[in-house]
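Engineer: sequence plus the predicted model coming up.
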Amino acid sequence: MGSIFQIILHRLALGLVTLLIVSMVIFVAVNALPGDFAQAILGQGATDEAVTQIRADLGLDQNYFLRYFGWLGNVLTGNLGISFAQMNFASGMGGDQVSLVGVAEQIAPRFRATMFLAGVTAMIAVPISITLGILAALYRNSLFDRTVNIATLSSISSPEFFLAYILILLLAVLNPVFPSLSNVYEGMALGEKLNRTMLPALTLTLVVTAHMMRMTRAAIINLLASPYIEMARLKGISPMRVIVRHALPNALAPIINVIALNLAYLITGVVVVEVVFVYPGIGQLFVDSVKIRDIPVVQACCLIFAAAYILLNLIADILSILSNPRLRHPK
Amino acid sequence: MTQQLLKIRGLKIEGKSDEIWNPIVNGIDLDLKKGEVLGLIGESGAGKSTVGLAAMGFTRDGCRISGGLVEFAGIDLVTASAAVKRGMLGKRIAYVAQSAAASFNPAHRLMDQHTEAPTQHGLQLKADSELDGIELYRRLRLPDPDNIGFRYPHQVSGGQLQRAMTAMAMSCRPDLIIFDEPTTALDVTTQIEVLAAIRDIVEQFDTAAIYITHDLAVVAQMADRIKVLLRGDEVEEADTRNMLTDPKEDYTKSLWAVRSFQRPSKPAVLKGATPIVSLKNVSAAYGKSPVLFDVDFEIHAGRTVAVVGESGSGKSTAARCITGLLPPKQGHIEFNGEALPLDYRKRSKEQLRQAQMIYQMADTALNPRSRIGDIIGRPVQFYSGLTGPAKRKRVEELLVQIEMEPSQYIDRLPGELSGGQKQRIGIARALAAEPQFIICDEVTSALDQLVAEGILKLLAQLQDDLGLSYMFITHDLATVRAISDEVVVMKDGRVVEQGPKAEMFRPPHHPYTDLLLSSVPEMDPDWLTNLLKIRGVDNIGDAAVQKM
């Protein structure tokens, strides 16, 4: 087992290095955006003095390296900074910072909401995709297989907002099953929260199912020519059991990786769905902050997205490694 | 006891290629009584595996039974429904595949795979089936029978896996087992153990068997009757002893005659001559695990040195050291008395040119997307700088040398050639560099005997014409006998014995050489029985190796 532990430590260290590099990229990219917060908030009638004053207040006039390492140091101690948008520039002094809410506290509820939506979606989409993938592999090239393939491909090829409006039409307007507005808030009862989250979750399910289902199908079919599958069939094992017991355990690695990629997408890429359903996730906050060049929030969001991607891929890597019996049970 | 178990009449099987159904088996008849063992032999493409699977009512993807009758215990498996067939498979007819390592599911323990058929067919509870499995492992003389079943396939050696697979086939006590080349992938010493185990257990349970192999000597030990197939047709069928002593058909006779090729031996090497290649105290390792220890041998001009040993003995690693693909940890390699840089990247083009290689799997050693002319033309251009018509002319010369018509083959792709032709292209590619020395790594072991013999003859001819030296890596002692001048025997990364061929095949031997030599199956049907008597049941094959 020592070797697995080493592999995991190694991957973890690599993940941290990746995150560090990503933090640099984020910083450079955010600072490369045209215009800055001072210009954005003061508008077209800004005087040079006012712009300079605000820049000085926010430390935007400092050297890039100082700002990067200052930010990095703060992030490492858990301080994501203060949102520019909350500061009171009317006083000319950047406001009374003690009473302000930090970026961390500002993002936290939004992030929890996003995680909730991603979690609900995953709980619906992953079992459906894997089941459909297994069935498509079992009845490969049948009418069922083709129908499932065409259906999932069409849903992934349609724009998200279009799927969202279709679902609203079907499940909120014509048959009022779920509310079309998903304005959940912290402290809401779980049942109500689930009810309101259902439409965005279903929309996202339609978006992510195709990848996972098709990879499950392909990974299983890929193994069906293996001698051990032939052996299982020659032992008189039923087709369903051949696939679930003999093919699936050996097909897990690619399936796990596609699931991880899709979960990462659910955390980072769902802003359109949030807008359609007025869901208070992190995506909307992110887009709003980019608009006004609210750098601390933008950077914090980017960093969370990056961390989510890296962490999910890391978990997928580790699970794929663990799915290999040669590593779990060394000689 | 003389009850008919399996009756095949006019069995026709077709395979699909390029959307056309081509015949693979053209009407085979076969009868098998209870407890009888039938040997099915033929070269690759003879349809023996296809017939073996069809006896289970099974065809691989892309094949179909297009006619005939397969009647097992009164049920026609050709027309039976999938559910009826599933009810028979594993339970009354079982299968033992060629590669146990590939045919055990890597994700499950041996025992879980062993108990699957009895529990799924509703014959036994899992716990009872496990106890029975342990008993079968004991009878098949697997080491540590109480625990070996709870390991994963990758934790068990090839010979042990093959016996565990035989145990798995026995799990439902079937009436018939199809053995599809069960020992082809094994070393000779391991093969004996598996053969003995299979023979014993088939006798003990009075199981009928179809034993498929291309190895005549093996089938002579196992079968009561032998049926010879050629390209989907039956050539002849007879009792084992009759078939061996008195084959009727020319094709069968030619199969029997293959083992007779032997090139005349050459005079001894002159004292003090500088060898072409010499390994001096070479030790090597893959990462931290050492594989070669103090290996020391020489190859002289115009001679063939056979390097013999079982898998894992370090033969191919020694070749990798010579070519510089694996720089040794210690020792050095001399070429014509000059020390070579250990890493191939540090060798000059001239040094690289002198040592070429021919590989075991011609299939994977040729780029499937390159035409023959380009495959051979590349080293021609690289080493001798020829281009355009001069290059093409040289490629044509090389094709003539390997006895292939240039105009017919130069623009073909490897996929359009047979196994033997691909291996010839591999030889031409090595010759293109105009080397003095060629390493042949198991070049005939993937080929049928007749084709292999053609390759050996070609190599011998080329040696006479061009004065080449060969390092001939093989585990097949018949090949050694046919082609070598000197022999180096390796075991566990060390040279255990070396010398001229005549001495090596004459006693007294090193005990390991002796074991290797005596483990090669002979055409005598009593060979295995006699050998087991001499060695004793607990001292055969692998067990004997481990005791050394």
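Structural biologist: All right, it came through fine. Just so it is clear, the structure is predicted and the values come from calculations on it, not from any experiment.
Engineer: number of nearby residues for the residue in the stretch 1-150 of chain A that chain B sits nearest to?
Structural biologist: Residue nearest to chain B within the stretch 1-150 of chain A: residue A:140 (11.0 Å; C-beta to the nearest C-beta). (C-beta placed from N, C-alpha, C; glycine too.) Residue A:140 has 14 neighbouring residues, counting by other C-beta atoms under 10 Å in any protein chain shown.
Engineer: please name the nearest non-neighbouring residue to it.
Structural biologist: residue A:221 (6.0 Å; C-beta to C-beta, 6 or more residues apart in numbering or on different chains).
Engineer: part of a helix, is that neighbour?
Structural biologist: Yes - Residue A:221: assigned to a helix according to DSSP: H, G, I helix; E, B strand; the rest coil.
Engineer: what's the per-residue pLDDT of it here?
Structural biologist: Note for residue A:221: predicted pLDDT of 91.
Engineer: that one is in contact with residue A:138, isn't it?
Structural biologist: No - if you go by C-beta atoms under 8 Å, residue A:221 and residue A:138 don't touch, sitting 9.9 Å apart.
Engineer: isn't there a strand covering the residue of the stretch 1-150 of chain A closest to chain B?
Structural biologist: No - Residue A:140 sits outside any strand when classified using three-state DSSP, being coil.
Engineer: now it: how far from residue A:215?
Structural biologist: 14 Å (C-beta to C-beta, to the nearest Å).
Engineer: what does residue A:297 give?
Structural biologist: Noted for residue A:297: a distance of 35 Å to residue A:215, by C-beta to C-beta.
Engineer: which residue of these two possesses the greater neighbour count?
Structural biologist: Using other C-beta under 10 Å, the more surrounded residue of residue A:297 and residue A:215 is residue A:297, with 26 against 22.
Engineer: can you pull the contacts of the more buried one?
Structural biologist: A:83, A:84, A:85, A:103, A:106, A:107, A:285, A:286, A:289 (C-beta atoms under 8 Å, 6 or more residues apart in numbering or on different chains).
Engineer: now for the fifth one, how many residues are close by?
Structural biologist: Right, the one you point to is residue A:106. 22.
Engineer: and the helix or strand containing it with chain B, contact?
Structural biologist: According to DSSP states H and E, residue A:106 maps onto helix A:103-138. No - applying C-beta under 8 Å from any C-beta of the partner chain, one finds helix A:103-138 separated from chain B by no less than 13.3 Å.
Engineer: show me the domain layout of the chain.
Structural biologist: No chain specified, so I'll use chain A. Here the domain assignment for chain A is A:1-93+A:292-331, A:117-291, based on automatic domain parsing.
Engineer: my question was about chain B, not that one.
Structural biologist: According to automatic domain parsing, the domains of chain B span B:4-257, B:277-506.
Engineer: what packs against whichever strand or helix holds residue B:502?
Structural biologist: Here residue B:502, judged by DSSP H and E, is contained in helix B:501-504. For helix B:501-504, the contact count by 3 or more C-beta pairs under 8 Å, 6 or more residues apart in numbering or on different chains; DSSP states H and E identifies strand B:486-491 as packing neighbours.
Engineer: give me the three-state assignment for residue B:327.
Structural biologist: coil.
Engineer: got the phi/psi numbers for it?
Structural biologist: phi -60, psi 130 (degrees, to the nearest 10).
Engineer: what's the burial count for the closest residue to chain A within the stretch 201-350 of chain B?
Structural biologist: Closest contact between the stretch 201-350 of chain B and chain A, by C-beta to the nearest C-beta, is at residue B:289 (11.9 Å). Using other C-beta under 10 Å, residue B:289 has 6 other residues around it.
Engineer: pLDDT at it, what is it?
Structural biologist: pLDDT for residue B:289: 81.
Engineer: and if you look at residue B:461?
Structural biologist: At residue B:461, pLDDT is 89.
Engineer: likewise residue A:119?
Structural biologist: 93.
Engineer: for residue B:539, same thing?
Structural biologist: If you check residue B:539, the pLDDT there is 67.
Engineer: quick one: the strands in the stretch 151-300 of chain B?
Structural biologist: Along the stretch 151-300 of chain B, the stretches classed as strands by DSSP state E, counting those that start in this stretch are B:176-180, B:208-213, B:225-230, B:233-239, B:277-286, B:289-299.
Engineer: which ones are touching residue B:305?
Structural biologist: Residue B:305 neighbours (C-beta under 8 Å, 6+ apart): B:297, B:298, B:299, B:469, B:470, B:471, B:472, B:484, B:485, B:486, B:487, B:488.
Engineer: which one of those is nearest chain A?
Structural biologist: residue B:488 (29.1 Å).
Engineer: burial of the closest one, as a residue count?
Structural biologist: 27.
Engineer: please name the residues that touch it.
Structural biologist: By C-beta under 8 Å, 6+ apart, the neighbours of residue B:488 are B:297, B:305, B:306, B:307, B:308, B:495, B:497, B:498.
Engineer: how about the nearest residue to it, chain neighbours excluded?
Structural biologist: residue B:498 (4.4 Å).
Engineer: quick one: which helix or strand includes the one you found?
Structural biologist: strand B:494-500.
Engineer: got the angle for that strand vs strand B:486-491?
Structural biologist: Taking axes from the mean of the first three to the mean of the last three C-alpha atoms, to 10 degrees, one finds strand B:494-500 and strand B:486-491 inclined to each other by 160 degrees.
Engineer: show me how far strand B:494-500 is from its chain's centre.
Structural biologist: Its chain's average C-alpha position is 23 Å from that of strand B:494-500, according to C-alpha atoms, centre = their mean, to the nearest Å.
Engineer: cool, and stretch A:69-80?
Structural biologist: Distance, centroid of stretch A:69-80 to centroid of chain: 23 Å (C-alpha atoms, centre = their mean).
Engineer: list the buried residues for that stretch?
Structural biologist: Neighbour counts over stretch A:69-80 (16 or more other C-beta atoms under 10 Å in any protein chain shown) mark A:71, A:75, A:80 as buried.
Engineer: just stretch A:123-136 next, same as before
Structural biologist: For stretch A:123-136, by 16+ other C-beta under 10 Å, it's A:124, A:125, A:126, A:128, A:129, A:130, A:132, A:133, A:134, A:135, A:136.
Engineer: farthest-apart pair in those residues, please.
Structural biologist: Among the buried residues of stretch A:123-136, the pair separated by the greatest distance (C-beta to C-beta) is A:124 and A:136, at 18.1 Å.
Engineer: ok, residue B:123 touching residue B:116?
Structural biologist: No - at 11.3 Å, residue B:123 and residue B:116 do not qualify as touching, with contact defined as C-beta under 8 Å.
Engineer: and these two? which has more neighbours close in?
Structural biologist: Neighbour totals were compared for residue B:123 and residue B:116, and residue B:116 leads with 24 against 15 (other C-beta under 10 Å).
Engineer: thought the more buried one was touching residue A:235?
Structural biologist: Yes - with contact defined as C-beta under 8 Å, residue B:116 reaches residue A:235; the gap is 6.3 Å.
Engineer: which parts of the stretch 201-331 of chain A sit against chain B?
Structural biologist: Residues of the stretch 201-331 of chain A lying near chain B (C-beta under 8 Å from any C-beta): A:225-228, A:230-238, A:241, A:245-246, A:249-250, A:325-326, A:329, A:331.
Engineer: returning to what we had before: got the contacts of residue A:297 as CSV, with pLDDT columns?
Structural biologist: CSV is the format used below for the contacts of residue A:297 (pLDDT from 0 to 100):
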residue, pLDDT
A:83, 76
A:84, 74
A:85, 70
A:103, 81
A:106, 83
A:107, 87
A:285, 87
A:286, 88
A:289, 85
